[in-house]
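K.L.:
coords please:
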Amino acid sequence: MHFDKKPLSIDEHIKLLQDRGMLIENLDIARHSLSHINYYRLSGYWLPFEEDRTSIIHKFKAGTKFEEVLNLYNFDRKLRLQVLKAVEYIEGSLRRQWAYFMADHHGSHSYLNEYLAKNLEHFKENLDRLKQETKRSKEIFIKHYRDKYSSPELPPIWSVCEVMSLGLLSRWFRNLKNNKTRKAIAKIYRLNHKFLENFIYHLTIVRNICAHHGRLWNRKLTVTITSPRNLEELSSNFNLSQKHRLYNTLVVSIWMLNIINPNNFWSKQVLDLIDLHKIDVAKMGFPENYRNYPIWNL
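P.N.:
Numbering: from 1, shown residues only. Okay, here's the model as predicted:
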């Protein structure tokens, strides 16, 4: 089939929504919103308001308002920023712990030691990526190393960790063979090293969704978080029946933030955001009585 659809104007999009049953109380707000938000980006937020996705027409449920959809969109935008704030703290701490314990246990350039890697092919791939990221870096401490030292080619671990992406840090931790070092890093966060490995990988996916303006609300995450073993204090806050949703991500983020920055108000800010926009959090995997869970009351 050849694609032959013609582009629609903003007013034509508004009429299409109205024909499908959406109530638009303020046309000026709708026009302004659709002039700055792509129609198909916004469509991800009105899916739950549709009566039947199998129908070609995609009629909306009776009483569906454009303002409700816009409210969800604005909530999700603020939620992404809130999650990125948590990622910034967690990523910075993880870099610090990885660099410190690798250097302390194995030396300043231990990340170049292939014998510490589980998989040699992955080690080479990670090292190639790190060389590229270091080469692109304009950081003063990287330039200082290049100007002053000729060997080894790359700076010490406490420098290169600062130019690593979270994704590369995740791959490096996952490929680290030495369990003593892995356990030392995880112990800082009172976690099992395998659980921490899984969470860093999961957080990389969530961070990329946020950074590329993807939808978090009502999203089904492809990489889930495993339940932490032998740590009832954390696992008791989980909702394992909704492990593909965002809720468990937020729980572990709160756990780590409370260790990294004990005086943070991040969990309260999340709750305030939910209250402000009157969000149905069940669609993000929140259990019904989540506000009674200890993690949200620390």
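K.L.:
The protein: helices as residue ranges?
P.N.:
Using DSSP state H, the helices of the chain run over 10-19, 27-36, 39-46, 66-106, 120-136, 140-148, 157-160, 166-174, 179-188, 193-211, 232-235, 247-260, 266-277.
K.L.:
helices and strands around the second one, which ones?
P.N.:
Going back to what we said before, that points to helix 27-36. If you count contacts as 3 or more CB pairs under 8 Å, 6 or more residues apart in numbering; DSSP states H and E, helix 27-36 packs onto helix 10-19, helix 66-106. Any C-beta I mention is one placed from the backbone N, CA and C, and that applies to glycine too.
K.L.:
which residue sits closest to Leu295, ignoring its sequence neighbours?
P.N.:
Rather than Leu, residue 295 is Ile. Asn237 (4.1 Å; CB to CB, 6 or more residues apart in numbering).
K.L.:
neighbours of the one you found, just the number please.
P.N.:
21 (other CB atoms under 10 Å).
K.L.:
gap between it and Val87?
P.N.:
Applying CB to CB, to the nearest Å, the value for Asn237 to Val87 is 19 Å.
K.L.:
from the chain's centre, how far out does the helix or strand of the chain with the lowest mean pLDDT sit?
P.N.:
When the helices and strands of the chain are compared on mean pLDDT, DSSP states H and E, helix 140-148 comes out lowest with a mean of 88. Distance, stretch centre to chain centre, for helix 140-148: 32 Å (CA atoms, centre = their mean, to the nearest Å).
K.L.:
got it, and stretch 195-211?
P.N.:
With CA atoms, centre = their mean, you get 5 Å for stretch 195-211.
K.L.:
Also stretch 49-64?
P.N.:
With CA atoms, centre = their mean as the basis, stretch 49-64 stands 30 Å off its chain's centre.
K.L.:
change the start of the numbering to 15 and stick with it
P.N.:
I'll keep to 15 as the first residue from here, and by that count the last item is stretch 63-78.
K.L.:
buried stuff in that stretch?
P.N.:
Buried residues in stretch 63-78, defined by neighbour count with 16 or more other CB atoms under 10 Å: 63-64, 72-74, 78.
K.L.:
send the alpha carbons of that stretch over as PDB?
P.N.:
C-alpha atoms of stretch 63-78 as PDB (Å, rounded to 0.1, in the frame of the first residue of the first chain):
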ATOM      1  CA  PHE A  63      -9.300   7.700  27.100                       C
ATOM      2  CA  GLU A  64     -10.200   5.800  23.900                       C
ATOM      3  CA  GLU A  65     -13.100   3.400  24.000                       C
ATOM      4  CA  ASP A  66     -11.800   0.800  21.600                       C
ATOM      5  CA  ARG A  67      -8.300   0.700  20.100                       C
ATOM      6  CA  THR A  68      -9.300  -2.000  17.600                       C
ATOM      7  CA  SER A  69     -11.700   0.400  15.900                       C
ATOM      8  CA  ILE A  70     -10.500   2.500  13.000                       C
ATOM      9  CA  ILE A  71     -12.200   5.600  14.300                       C
ATOM     10  CA  HIS A  72     -10.700   5.400  17.800                       C
ATOM     11  CA  LYS A  73     -13.700   7.000  19.600                       C
ATOM     12  CA  PHE A  74     -13.000   8.700  23.000                       C
ATOM     13  CA  LYS A  75     -14.900   7.700  26.100                       C
ATOM     14  CA  ALA A  76     -17.800  10.100  26.900                       C
ATOM     15  CA  GLY A  77     -16.700  13.200  28.800                       C
ATOM     16  CA  THR A  78     -13.000  13.000  27.700                       C
END
